[in-house]
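S.K.: Prediction below, plus the sequence it came from.
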Amino acid sequence: MKSRLTIAIQGKGRLSKESVNLLNKSGISFSVNNGNLLAKAKNFPIDILFVRDDDIPSLVNNGIADIGIVGDNVLIEKIIELKNSNIKKVLDLGFSRCKLSFAAPAVKNISSLKNKIIATSYPNIVRKYLIENNITAKVVNFNGSVELTPYIGIADCICDLVSSGATLEANNLVEFKELLKSQAVLIINNDINNKKMLYVEKLIKRIQGVVNANESKYVMLNADSSDVKAICKLLPGSESPTLIPLEDTNKVAIHALCQEPVFWETMEKLKAKGASSILVMPVEKILN
Ligand code: PRT
Ligand code: ZN
C-alpha cells in the first residue's frame with residue numbers, strides 16, 4: 001500500500017505563491033523551479049504537482065492527486081459538472097478571496113436577465129442559478145476577457161469573478177447580483193487509503209494551524225487594574241487573557257491571543273478605555 005502523498009497546486013497564477021507559502025509554513029520543504037511539473041518534499045512523504053487550477057478538482061476526483069488547493073469557485077463549477085464527485089472539501093484557507101457576480105453595462109436586476117445572453121467562465125453555476133430562479137436566458141462559455149463581451153456586442157451581461165471591482169469599472173460594468181463568495185480551499189480524495197490518511201490528517205492539522213495563526217494576533221498592553229474588565233471585553237476572539245502585575249501596583253499587563261483580526265479601530269477603542277503601550281504581534285503557528 002503506497003503511503004507517499006501527492007498534492008496538486010496551481011503552477012502559475014493567483015493561487016501559486018500562497019499555496020507554496022502555506023505548504024512551506026506547514027513544515028514541507030521543496031524546491032520550486034519555474035516550469036517543473038513535480039517537486040518532491042525532502043522532509044514529509046509528499047510530492048507536489050504543479051498544474052492549471054482548472055485541472056485540480058479532476059486530479060483529486062480520480063485519485064491522481066490525494067489532496068489539492070483550488071479556488072472554491074473552480075471546485076463548485078466542477079462538482080456540478082461531475083454530479084457524483086469523489087472530492088471532500090476539508091478547509092477554507094483564507095486567501096484568494098473573491099466573489100462571482102452578475103454585472104451589466106447599466107444597473108439591472110435579476111428579472112432583467114430574462115431572454116438575455118450571459119457570458120461566463122462558470123456556465124454550470126450560472127445555469128444552476130437560472131434554473132433555481134426560473135429564469136430563461138442563454139449562457140455562453142468564455143474562458144478569458146469575459147468583461148469585454150458586452151462591449152463587443154456578443155453578450156448582454158456577464159457573470160465573472162470580482163475582487164477589487166476595478167476591472168468591472170474599467171469596462172463600464174455594474175455588479176448587480178453576487179452569486180457566491182470564494183476563497184482558496186483544501187480538498188482531498190474520499191478514498192484515501194489508511195496508510196496515507198495518517199499523513200493527510202497530520203498535514204491538515206498543520207495547515208489548519210497556519211491558517212488559524214494567519215488570522216490571529218498576540219496582543220500585549222498595559223492598563224490600570226480598574227480598566228481590565230472593560231479592556232478585556234474589547235479584545236476580539238480572545239478566550240482568557242493573561243494578567244501580569246507590574247511594578248506600579250495599580251497597573252497590570254494584559255496578554256491575549258486574539259483569534260480574529262485586530263484593526264486600528266480596535267486599538268483606538270482600547271486606548272480610549274485606558275490601555276497604553278499596545279503591541280499587536282503576528283503569530284506563526286497554533287497547535288490546538
Ligand atoms: O492558468 P490557470 O488556468 O492555472 O489560471 P487561471 O488564469 O484560470 O486563474 P487565475 O490564476 O487568474 O486565478 C486563480 C484563482 O484565483 C481563481 O479561480 C479564483 O479562485 C482566485 N481569484 C481571486 C481570482 C481573482 N481573485 C480575480 N480577481 N481570479 C480571477 N480574478 C480576475 C477576474 O476574473 C477578473 O478578470 O480578476 C479580474 C477582476 O479583478 P478586480 O480586482 O479588478 O475585481
Ligand atoms: Zn484556470
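M.R.: Nice, I can see it. Because the structure is predicted, anything quoted here is derived from the model rather than measured. Ligands and ions are numbered 1, 2, ... in the order given.
S.K.: CA only for contacts and neighbour counts going forward, please
M.R.: Noted.
S.K.: that's a helix at Arg127, yeah?
M.R.: Yes: counting by DSSP: H, G, I helix; E, B strand; the rest coil, Arg127 is located in a helix.
S.K.: Is the residue in the chain sticking out farthest from the centre part of a helix or strand, or is it coil?
M.R.: Among the C-alpha atoms of the chain, the one most distant from their mean position (C-alpha atoms, centre = their mean) is that of Thr249, at 45.6 Å. Reducing the assignment at Thr249 to three states with three-state DSSP gives coil.
S.K.: And Leu161, by the same measure?
M.R.: Remark: Leu161 carries the secondary structure label strand [criterion: three-state DSSP].
S.K.: With adjacent residues omitted, what lies nearest to it?
M.R.: The shortest distance from Leu161 to any residue other than its chain neighbours is 4.4 Å, reached at Leu100 (C-alpha to C-alpha, 6 or more residues apart in numbering).
S.K.: Leu180 pairs with what?
M.R.: Each beta-bridge partner of Leu180 is listed here, defined by DSSP bridges: Leu100.
S.K.: Just list the residues touching it, thanks.
M.R.: Contacts were defined as C-alpha atoms under 8 Å, 6 or more residues apart in numbering; by that measure Leu180 touches 73, 99-101.
S.K.: which of these come close to ligand 1?
M.R.: The subset of the contacts of Leu180 within reach of ligand 1, counting by C-alpha under 6 Å from any ligand atom, consists of Asn73.
S.K.: Which of the contacts of Leu180 has the largest number of neighbours?
M.R.: Greatest neighbour count in the contacts of Leu180, by other C-alpha atoms under 10 Å, goes to Leu100: 22 neighbours.
S.K.: wait, doesn't that one sit right on Gly165?
M.R.: No: Leu100 is beyond contact range of Gly165, at 11.3 Å (criterion: C-alpha atoms under 8 Å).
S.K.: Leu93 contacts Leu186, doesn't it?
M.R.: Yes: under the criterion of C-alpha under 8 Å, Leu93 lies in contact with Leu186, with a separation of 6.9 Å.
S.K.: To what extent is Lys181 buried, counted in neighbours?
M.R.: Other residues near Lys181 come to 14 when the count uses other C-alpha under 10 Å.
S.K.: need the residues of this structure near ligand 2, please.
M.R.: Residues of the chain lying close to ligand 2 by C-alpha under 5 Å from the ion are 53-54.
S.K.: following the longest helix along the chain, which helix or strand comes up?
M.R.: Scanning the chain for the helix with the most residues, using DSSP state H, yields helix 194-214. Beyond helix 194-214 on the C-terminal side, the first helix or strand identified by DSSP states H and E is strand 217-224.
S.K.: Next secondary structure element downstream of that next one?
M.R.: Moving toward the C-terminus from strand 217-224, the next helix or strand (DSSP H and E) is helix 228-234.
S.K.: For Ser85, grab the count of nearby residues.
M.R.: Here the neighbour count serves as a burial measure; for Ser85 (other C-alpha under 10 Å) it reads 17.
S.K.: any idea which element it lies in?
M.R.: Of the helices and strands defined by DSSP H and E, none includes Ser85.
S.K.: What are the neighbouring residues in contact with it?
M.R.: Listed by C-alpha under 8 Å, 6+ apart, the contact set of Ser85 reads 61, 79.
S.K.: ok, back up a step: can you give me the distance of the residue farthest from the centre of the chain to Asp224?
M.R.: Relative to Asp224, Thr249 is positioned 9 Å away (C-alpha to C-alpha, to the nearest Å).
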